[in-house]
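[1] My questions concern the predicted model and sequence given below.
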Amino acid sequence: MNDLAPLLTPEGRALLDAVRGTAPADELAVATRLRREHPAELVSAALGQARLRQRAAAKFAAADAERMFFTPNGVEQSTRASVATYRAERLWAMGVRSVADLCCGIGGDAIALARAGIRVLAVDRDPLTVAVARANAEVLGLAGLVEVREADVMEVDTAGYDAVFVDPARRGGRSGGGARSASMRGGGRATGGRIFDPEAYSPPLSWAIEAARTAPHAALKVAPGIPHEAVPADAEAEWISDGGDVKEAVLWFGTGAGAVRATLLPGPRTLLGRGLPDPRVRPVGRYLYEPDGAVIRAHLVAEAAEQLDGGLVDATIAYVTSDELRPTPYASAYEITDQLPFNVKKLKALLREREVGILTVKKRGSAVEPEELRRKVKPQGPNSATVFLTRVAGAPTMLLGHPV
């Protein structure tokens, strides 16, 4: 069903209420019952929307997700609400009061911007996506601040707006500035894979950068794997993680040219780059620190290591070690109890001696797969431990310890 309108009718809204929270195992029975009084296609669309809403609860507040409308691609690719809120609040703090949101998708960022008090022009080319974004602004009571427009973002005049926000499509199958989005039926995943070449974004990153430079402020949402050399000299680069998972990178214009930061949510907590040289390599101490993914992506391990008075276990590995415990939001700390050369038999014997039955396997700089190692050592017992498969001064090494 590629038309949102039937779901916005009184009958459609009543069906959405009727199927709210339907478990997958109950869908057939619910559909059979409802099709006695409602068109089969409308029942299918309502059940598909209910399924999408359940999935969207991982990104949006449950109270919002159960009222909003989604497309399969929209659920997959919309910004997590916590990240969108952080970005909107940062724009507000800059004095931004109006934003042209280009490639708005289902309106996740537009919603966060409007809730921050910012007036938004939300633009997308796909008719269904535009209808969904408009419906979401209305159902959340934000229509007075959000104008949704169906247009090619490359042809929109952004003059007069305090800021431009661009979220180019980074997967095949997403509408971005042009191509049609997927059907509203069901809960299928995006049809295309991730796009890693910034010039293959839709629209291309080069166009988005030029669009950003036309406004006093701008933010471009890009993949966290963007090469640092692709960041323009006049942009600030920020990598954002939420709950320990890296979610995105943002190129900011009108803030600090050349600045680099890693921001961790909830918080926010921000680590600023200071251009420090690589940390020294030193022997493994009592504690091992695993930097947050945003810190690693931002190339700010040196800044984190300085706070910890630590060094690297290997020049090519982003594990920091020190002799004292210094709690930090930018890295997870582990107390190391054992260090041994990579040897599965020795590890198995040590785990049996310690009665370790719950084994967490982490790796960096090792080709061994965690599940493969877990099968070989067959952990048994009431205790738990973490083993790091890594290199220490170039040598394959196993470090055994536990979180602190």
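    Perfect, thanks for sending it.

[2] gap between the worst-scoring helix or strand of the chain on mean pLDDT and the chain center?
    Lowest on mean pLDDT, DSSP states H and E among the helices and strands of the chain sits helix 72-77, with a mean of 90. Its chain's average C-alpha position is 12 Å from that of helix 72-77, according to C-alpha atoms, centre = their mean, to the nearest Å.

[3] can you check stretch 356-365 too?
    For stretch 356-365 - counting by C-alpha atoms, centre = their mean - the centre lies 25 Å from the chain centre.

[4] mind starting the numbering at 32 from now?
    From this message on, residue numbering opens at 32, which makes the last subject stretch 387-396.

[5] Would you mind listing the buried residues in that stretch?
    For stretch 387-396, a neighbour-count test (16 or more other C-beta atoms under 10 Å) marks 387, 390, 392-393, 395-396 as buried. No exception for glycine: its C-beta is placed from N, CA and C like everyone else's.

[6] thinking again about what came up before, can I get the least confident helix or strand of the chain as PDB, trimmed to CA atoms?
    Taking Å, rounded to 0.1, in the frame of the first residue of the first chain, the C-alpha atoms of helix 103-108 are listed here in PDB:
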ATOM      1  CA  PRO A 103      10.200   0.400   6.200                       C
ATOM      2  CA  ASN A 104      13.200   2.500   5.000                       C
ATOM      3  CA  GLY A 105      12.100   5.300   7.300                       C
ATOM      4  CA  VAL A 106      12.400   3.100  10.400                       C
ATOM      5  CA  GLU A 107      15.800   1.800   9.200                       C
ATOM      6  CA  GLN A 108      17.300   5.100   8.400                       C
END
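
[7] Could you name the helices and strands sitting against that helix?
    helix 71-87 (3 or more C-beta pairs under 8 Å, 6 or more residues apart in numbering; DSSP states H and E).

[8] now the very next helix or strand once past the helix it packs on: mean pLDDT?
    Proceeding N to C from helix 71-87, the next assigned helix or strand is helix 93-96, under DSSP states H and E. The average pLDDT within helix 93-96 is 94.

[9] residues making contact with helix 93-96?
    84-85, 87-88, 90, 112, 142, 171 (C-beta atoms under 8 Å, 6 or more residues apart in numbering).

[10] Check the residues you listed for burial and list the buried ones.
    Buried among the contacts of helix 93-96 (16+ other C-beta under 10 Å): 84-85, 87, 90, 112, 142, 171.

[11] quick check, nearest of those to Pro314?
    Proximity of these to Pro314 was ranked by C-beta to C-beta; the top entry is Lys90 with 43.0 Å.

[12] pLDDT value on the residue nearest to that closest one when sequence neighbours are not counted, please?
    Nearest residue to Lys90, sequence neighbours excluded (C-beta to C-beta, 6 or more residues apart in numbering): Arg111, at 4.7 Å. What the model reports as pLDDT for Arg111 is 95.

[13] ok, now the one 10 residues further on?
    Model confidence at Arg121, expressed as pLDDT, equals 97.

[14] Using the three-state scheme, assign it.
    helix (DSSP: H, G, I helix; E, B strand; the rest coil).

[15] on that earlier part again, the residue nearest to Lys90 against Ser272, yeah?
    No - contact between Arg111 and Ser272 fails when scored by C-beta atoms under 8 Å: they sit 10.6 Å apart.

[16] list residues touching both of those two?
    Joint contacts of Arg111 and Ser272 (C-beta under 8 Å, 6+ apart) are Lys278.

[17] Compare neighbour counts for those two and give me the winner.
    Higher neighbour count among Arg111 and Ser272: Ser272, with 25 against 19, using other C-beta atoms under 10 Å.

[18] What mean pLDDT does whichever strand or helix holds that one get?
    If you go by DSSP H and E, Ser272 is part of strand 267-273. The pLDDT scores in strand 267-273 average 98.

[19] how far is it from where the chain is centred?
    10 Å.

[20] Over to stretch 285-304?
    16 Å.

[21] Out of the buried residues of stretch 387-396, which is nearest to Ala62?
    Of the buried residues of stretch 387-396, the one sitting nearest to Ala62 (C-beta to C-beta) turns out to be Val392, at 43.0 Å.

[22] Is the closest one in contact with Glu403, as I believe?
    No - applying C-beta under 8 Å, one finds Val392 not in contact with Glu403, separated by 9.2 Å.

[23] contacting residues for Gly304?
    290-292, 329-331, 334.

[24] Please check those residues and keep the buried ones.
    291-292, 329-331, 334.

[25] quick one: which of those residues sit in strands?
    The strands, defined by DSSP state E, take in 291-292 from these.
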